[in-house]
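Chemist: I'll drop the sequence and a predicted model, then ask my questions.
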Amino acid sequence: DSGVTQTPKHLITATGQRVTLRCSPRSGDLSVYWYQQSLDQGLQFLIQYYNGEERAKGNILERFSAQQFPDLHSELNLSSLELGDSALYFCASSVGGRATGELFFGEGSRLTVL
Amino acid sequence: AQTVTQSQPEMSVQEAETVTLSCTYDTSESDYYLFWYKQPPSRQMILVIRQEAYKQQNATENRFSVNFQKAAKSFSLKISDSQLGDAAMYFCAPQAMRFGAGTRLTVKP
């Protein structure tokens, strides 16, 4: 158990819809990272938050947005969903804000867009 | 863009044998860590081993060890006495934002 909690574990929705994925980091971790993993692909970095502030941005679509709340949990919002958004979305946390720190991963949220 | 290259999309090893997975990267950092993560069929990401770049000694965790060549920006993972449970995707990560494309390891009984 990494200590990182992601909900929901599975989500099925239709094209055009909007969903929210939630992540609670390990106790004491200030950074939250979001990744997208399409079928049999590597991890694509989407965005990092550190202590409530956006720290780094990757290949995140404009239809996607994220935030980190004062209690340090984070939410990833995906809107106007397309078939190609079907993927496993991982959240990871780390203690500091540097991108060189050890990551602790949640179990992922599997999104299926029909 | 800074790249991470895992040149072996797939590797196969006989049970109890040794296999080495390669990774090269580029970075402008002078002080950094490198990681290998394992992703079994359950899709959970599991840290295998990490190396601190300022340490000359290669990291070792039980059957897993690395060959870190800082000047060459190379960070390979050696798995000794391979077990069936080692079958997974392995990702090299010199940084949280950058993961390699992965190497799928098959272990043959």
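Modeler: Ah, there it is.
Chemist: Run through the strands of chain A in chain order.
Modeler: Secondary structure of chain A, counting by DSSP state E: strands at A:5-7, A:10-13, A:19-24, A:31-37, A:44-50, A:53-57, A:64-68, A:74-78, A:87-94, A:104-105, A:109-113.
Chemist: Need the ones you listed in TSV (columns: mean pLDDT, distance to B:Lys108 and mean neighbour count).
Modeler: C-beta coordinates here come from the backbone N, C-alpha and C atoms, glycine included. Formatted as TSV, the strands of chain A follow (pLDDT from 0 to 100; distance: least, C-beta to C-beta, whole Å; neighbours: other C-beta atoms under 10 Å in any protein chain shown):
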stretch	mean pLDDT	distance to B:Lys108	mean neighbour count
strand A:5-7	97	34	16
strand A:10-13	97	32	14
strand A:19-24	98	37	20
strand A:31-37	96	26	25
strand A:44-50	95	31	22
strand A:53-57	94	40	14
strand A:64-68	97	41	19
strand A:74-78	98	39	20
strand A:87-94	96	27	24
strand A:104-105	94	28	21
strand A:109-113	97	29	18
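Chemist: Nearest to B:Gln51 among those strands would be which one?
Modeler: B:Gln51 lies closest to strand A:87-94 among those, at 16.5 Å (C-beta to C-beta).
Chemist: so what's the residue lying farthest from the centre of chain B up against?
Modeler: In chain B, B:Pro109 marks the outermost C-alpha relative to the chain mean, sitting 22.1 Å out by C-alpha atoms, centre = their mean. Taking C-beta atoms under 8 Å, 6 or more residues apart in numbering or on different chains as the contact definition, B:Pro109 lies against B:15, B:84.
Chemist: what does the model give it for pLDDT?
Modeler: At B:Pro109, the pLDDT value in this model is 95.
Chemist: ditto for A:Asn51
Modeler: With respect to pLDDT, A:Asn51 has a value of 95.
Chemist: Ok, A:Asp71 next?
Modeler: On pLDDT, A:Asp71 comes in at 95.
Chemist: How much space separates the closest residue to chain B within chain A from B:Ser82?
Modeler: At 3.9 Å from chain B, A:Phe105 is the closest residue in chain A, using C-beta to the nearest C-beta. The span separating A:Phe105 from B:Ser82 equals 24 Å under the rule C-beta to C-beta, to the nearest Å.
Chemist: cool, and A:Ser86?
Modeler: If you measure A:Ser86 against B:Ser82 using C-beta to C-beta, the figure is 33 Å.
Chemist: before we move on, what about A:Pro25?
Modeler: As defined by C-beta to C-beta, A:Pro25 lies at a distance of 34 Å from B:Ser82.
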